[in-house]
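>>> 3D model of this:
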Amino acid sequence: MREWAAGLDEIARLIGSRFARSEPRANAVAYVRGLLSERERKNSWTISEQAGQPVPDPMQRLLSTTDWDPDAVRDDLRTYVVAHLGDRAGILVVDETGFLKKGDRSAGVARQYTGTAGRIENAQVGVFLTYATPHGRTFLDGELYLPKAWTEDRPRCDRAGIPADREFRTKPELAVEMIARAIDGGVPASWVTGDAVYGQHYRLRKSLEDRQMSYVLAIPSNQRVIAKTTSSIIGSEYRADALIAGLPATAWRSRSAGAGSKGDRRYAWARARINGERDPDAEYWLLARRSLTAPSELAYYLCHTPKRVALSELARVAGARWAIEETFQTAKGQTGLDHYQVRQYTGWYRHITLSMLAHAFLTVTRSKGGSPRRQRRAHRAEPARDPPPHRHPRTGHDRRPRPRAAPLTLATKTPTHRPTAPLPTPQPQPINATVVLGERVPTATAGPVPPEPPGGARCGLADRPAEPPRRWRRGRHRRGAMTVPTSRHRSDDEGAA
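Predicted coordinates:
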C-alpha cells in the first residue's frame, strides 16, 4: 500500500505543473484515483462520488473548461513510461480501437468499421501507440480519427470544439505522427509493428526506413513485392502469396510468437529475400506465418531489418502486435478507457490521456512487484529474510541432529517366599422349583425332597387362584408380546370357581 501511495504521489508531482491552480490539480489526481478504483463505471459522476464530492461539476469542468493542455500531460506520460519501462529492445505497436456511441454529436462519430464490434457501427475510432518491453506494455500516445464527413463540415466541427487547423488525416498518417513524437522524445525502441492497415501504407514504411527503424508490418496477400532472383539483377515482381507458395517445404520452421493466454503460441514461419531502397545497408524480407493446426491460414509481413537477423527474432516482433489487443482490453476494463461521457473534441483527449496515465501507473506498479493486494498477500506469506543457520531456508525446520533418548531400564523383580494360597472349591447351588403355566415342577437336588408345607402349597403359590393359560392374539400387539386374557376367559374362570 505504501508503494501504491508513493506511486500516486509521483504522478501528482509529474503532472502538477500543468495546472495553474490547486483545485484542478487536485481534481486531476482524484480523477486518476477514480479511474484506478474498482467501480464498474468510471465517468464524471462515479469518480466525483469516489472523491467525496457531492456534485460532478468539478470533474466535468476538468474535462471541458479548465485550462490545461492534454498534449503536455501526454509528454509527461511518455517520460514516466520511459523512466520505468524503457528498454532498447522495446517495440512500438500501432493499432486502433472503437468506442461505440449513439447519436451524431460526439466528435468524430460516424458509421464506420470497428474491431470492437467486428462490423460497421456508429462509433468513434482512436489510433493508439503502445510500448512493449520485457518489463511491461502500456500506452504512449493516442489520436482521434476524424472521417472526411467531419473535416469537410466546418460548422459541425465548430459545434464539437474541433480546432480549425485540424484537417483530414488517414490512420497511417496519424501513426506516422505518433511514432515520430515517440522517437523524437527519446523512447528507446528497435522495432515497429502493426496490422495490414499500416503495413500496406508506403509513406509509413518510408518514414521508418528514413529514421533507420526496423519494422515487421502485416500486409494483405495481394501485396506486390520485388523478389531477388538469379535471372535478373533488378528482380521479378510477385504477389506475396505467390512468392511464398513457391518456397520449398524445407523453408518452413516452427518458431514461437510469444506467450499467450493459452500458453506458447507456435507457428510455422518462412521468409524470402526482396528488394528495398536501403539495400544492401539493410535487409528486406517477405515473412509468412502459417498455422500448425490449419495450414491454409497464412499471414504475410513486410520486414525491414538489420543484417543477419534471425527468423526467431522476426517471429517475436510479429507476435508482439497482439500486445496492444491485451492493452486495449485491460485499459477498458480497469482504467475506464471507454467509460467517458463527453462529446467535445477536447474532452475526449483529456479523458483518454488521464486513462492512459492510469494504465501506465498500473503497469509500472506490477513491474515492481504487483498490485498492493498481491503485495499484502506476498508479505504475509514471506518467510524470514535471514533465517538462523540451523533452520531450513524454506520450511524453517530445525536441521540440527537431535540426541536420541537413552533406553529406559526396568526395575528387577524382588523374589518372595510366601506360600501359594489354594483356590476355593466351588460348591453346587440348589435349583429351586420353576412354575410353568401354573403347574409345579420339582427339580432334582442332591438330597432328599423336603416335606410339603401344610395345605399342599409350596412357596405360597397355592394361596393364589390358578391362572388360565395365556394365549397369543394377532394384530393387537407387537410380535413377541403376550396378550392379556380376554373378558370371555375371565367370565369362564369365575363360573368355574
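
>>> name the helix or strand for Leu314, please.
Counting by DSSP states H and E, the element that carries Leu314 is helix 311-319.

>>> for that helix, packing partners?
Judged by 3 or more Cβ pairs under 8 Å, 6 or more residues apart in numbering; DSSP states H and E, the packing partners of helix 311-319 are strand 191-194, strand 214-219, strand 253-260, strand 263-273, strand 283-290, strand 298-305. (Glycine included, C-beta is placed from N, CA and C.)

>>> tell me which residues of stretch 137-147 are tucked away?
By neighbour count on 16 or more other Cβ atoms under 10 Å, the buried set for stretch 137-147 is 137-146.

>>> count of neighbours near Leu247?
14 (other Cβ atoms under 10 Å).

>>> you'd agree it is in a helix?
No: judged by DSSP: H, G, I helix; E, B strand; the rest coil, Leu247 forms no part of a helix; its state is coil.

>>> list the contacts for it?
Shown in contact with Leu247 (Cβ atoms under 8 Å, 6 or more residues apart in numbering): 270, 272.

>>> how does it look with 6 Å?
Going by Cβ atoms under 6 Å, 6 or more residues apart in numbering, Leu247 touches Ala270.

>>> how near is it to Glu283?
Counting by Cβ to Cβ, to the nearest Å, the gap from Leu247 to Glu283 is 17 Å.

>>> for the helix holding Leu314, list the C-alpha coordinates in CSV.
C-alpha atoms of helix 311-319 as CSV (Å, rounded to 0.1, in the frame of the first residue of the first chain):
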residue,chain,number,x,y,z
LEU,A,311,14.0,-15.9,-38.0
SER,A,312,13.0,-16.3,-34.3
GLU,A,313,13.5,-12.5,-33.8
LEU,A,314,11.1,-11.7,-36.7
ALA,A,315,8.6,-14.1,-35.2
ARG,A,316,8.9,-12.5,-31.8
VAL,A,317,8.3,-9.0,-33.2
ALA,A,318,5.4,-10.1,-35.3
GLY,A,319,3.8,-11.7,-32.3
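
>>> count the residues that sit near Lys148.
Using other Cβ under 10 Å: Lys148 sits among 10 other residues.

>>> count of neighbours near the closest residue to it other than its chain neighbours?
Nearest residue to Lys148, sequence neighbours excluded (Cβ to Cβ, 6 or more residues apart in numbering): Phe168, at 5.3 Å. Using other Cβ under 10 Å, the number of residues around Phe168 comes to 13.

>>> make sure Phe168 is actually in contact with Ala149.
No: the pair Phe168 / Ala149 is not scored as a contact, 9.7 Å apart, by Cβ atoms under 6 Å.

>>> not counting its own residues, what contacts the helix or strand where Lys206 lies?
Under the criterion of DSSP H and E, Lys206 resides in helix 202-210. Contacts with helix 202-210, where a contact means Cβ under 6 Å, 6+ apart, come from 172, 176, 192, 198, 215, 278, 304.

>>> recalculate using a threshold of 8 Å.
Under Cβ under 8 Å, 6+ apart, the answer for helix 202-210 is 172-173, 175-176, 179-180, 192, 198-199, 214-215, 217, 276-278, 282, 302, 304.

>>> only the buried subset of the residues you listed, as a ChimeraX command please.
Paste this into ChimeraX to select the buried members of the contacts of helix 202-210, with burial taken from 16+ other Cβ under 10 Å:
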select :172,175,176,179,192,198,199,214,215,217,276,282,302,304
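
>>> where does pLDDT dip in the chain?
Counting by pLDDT under 70, the ranges of the chain that qualify are 230-233, 370-497.

>>> any buried residues in the top helix by length along it, and which?
As assigned by DSSP state H, the longest helix anywhere in the chain is helix 345-367. Applying a neighbour-count criterion of 16+ other Cβ under 10 Å, one finds 345-365 buried in helix 345-367.

>>> so how far is it off the chain centroid?
Mean-position distance between helix 345-367 and its chain equals 20 Å (Cα atoms, centre = their mean, to the nearest Å).

>>> ok, back up a step: ok, residues contacting the helix holding Leu314?
So helix 311-319 is contacted by 91, 191, 193, 216, 218, 253, 255-258, 265, 267, 269, 271, 285, 287, 289, 301, 303, 305 (Cβ under 8 Å, 6+ apart).

>>> what angle separates that helix from strand 298-305?
Following axes from the mean of the first three to the mean of the last three Cα atoms, to 10 degrees, one obtains 110 degrees for the angle between helix 311-319 and strand 298-305.

>>> give me the buried stretch members for helix 311-319, please.
Result for helix 311-319 [16+ other Cβ under 10 Å]: buried residues 313-319.

>>> pick the one among those closest to Asp153.
Within those, the smallest distance to Asp153 is 39.5 Å, found for Ala318 (Cβ to Cβ).

>>> give me the residue at the spatial middle of this structure.
Central residue of the chain (Cα atoms, centre = their mean): Ser261, 9.3 Å from the mean position.

>>> phi and psi next, for that residue.
With angles defined as degrees, to the nearest 10, Ser261 sits at phi -70, psi -20.

>>> residue contacts, the nearest residue to Gln50 once chain neighbours are set aside?
Sequence neighbours aside, Gly34 is the residue nearest to Gln50 in space, at 4.4 Å (criterion: Cβ to Cβ, 6+ apart). By Cβ under 8 Å, 6+ apart, Gly34 lies in contact with 42, 46-48, 50-51.

>>> buried among the contacts of helix 311-319? Make that a ChimeraX selection.
Written as a ChimeraX command, the selection of buried residues from those, which uses 16+ other Cβ under 10 Å, is:
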select :91,191,193,216,218,255,257,258,267,269,271,285,287,289,301,303,305
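
>>> show me what contacts the nearest residue to Arg265 once chain neighbours are set aside?
Computed as Cβ to Cβ, 6+ apart, the closest residue to Arg265 that is not its neighbour in sequence is Ala257, at 4.5 Å. When contacts are counted by Cβ under 8 Å, 6+ apart, Ala257 touches 265-267, 289, 315-316, 318-319, 322.

>>> show me which of those is closest to Val125.
Closest approach to Val125 among those (Cβ to Cβ): Trp322, at 19.4 Å.
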